[in-house]
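K.L.:
Got a predicted structure plus its sequence, pasted below:
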Amino acid sequence: MAFFSFYNVRKPRQFEHKPIYWDPHKEEMDERVRRIKREMGMEEESLENYKPQIKGTFIEGTTHLKRSRNRGDNSRSREYKNVKLIVALAILAAIFWYFYLR
């Protein structure tokens with residue numbers, strides 16, 4: 001049975017794709033050709049055009065993620081909040097023990 005831990009929160013594995021061969025000049029030329037064809041009306045829009053519009057829409061669709069992003073919260077600040085909570089609970093438990101159980 002796994003125990004909950006504030007300190008060792010596992011992070012999901014990241015997908016790392018390293019292309020075998022990448023030609024930046026060819027990619028830039030293909031992008032120019034696609035843009036020119038799109039401006040001339042010769043090419044229909046593809047899914048690649050929607051990528052910039054999709055990025056960040058999940059966060060905008062949720063209220064709690066939007067709030068935490070606007071506050072500037074990140075994983076480190078959440079860890080500090082958890083540690084502060086644990087310390088506060090330990091102090092309260094010590095005070096309770098000192099006055100009531102001693």
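P.N.:
Sure, I can see it.
K.L.:
For the rest of this, base every contact and every neighbour count on C-alpha atoms.
P.N.:
Noted.
K.L.:
Helix or strand with the lowest mean pLDDT in the chain?
P.N.:
helix 51-54 (a mean of 64; mean pLDDT, DSSP states H and E).
K.L.:
continuing past that one, what's the next helix or strand?
P.N.:
helix 57-61 (DSSP states H and E).
K.L.:
Who are the packing partners of the helix or strand that that next one is followed by?
P.N.:
Once the chain leaves helix 57-61, the next helix or strand it forms, by DSSP H and E, is helix 63-71. If you count contacts as 3 or more CA pairs under 8 Å, 6 or more residues apart in numbering; DSSP states H and E, helix 63-71 packs onto helix 57-61.
K.L.:
ok, residues contacting the helix it packs on?
P.N.:
Helix 57-61 is contacted by residues 65, 66 when judged by CA atoms under 8 Å, 6 or more residues apart in numbering.
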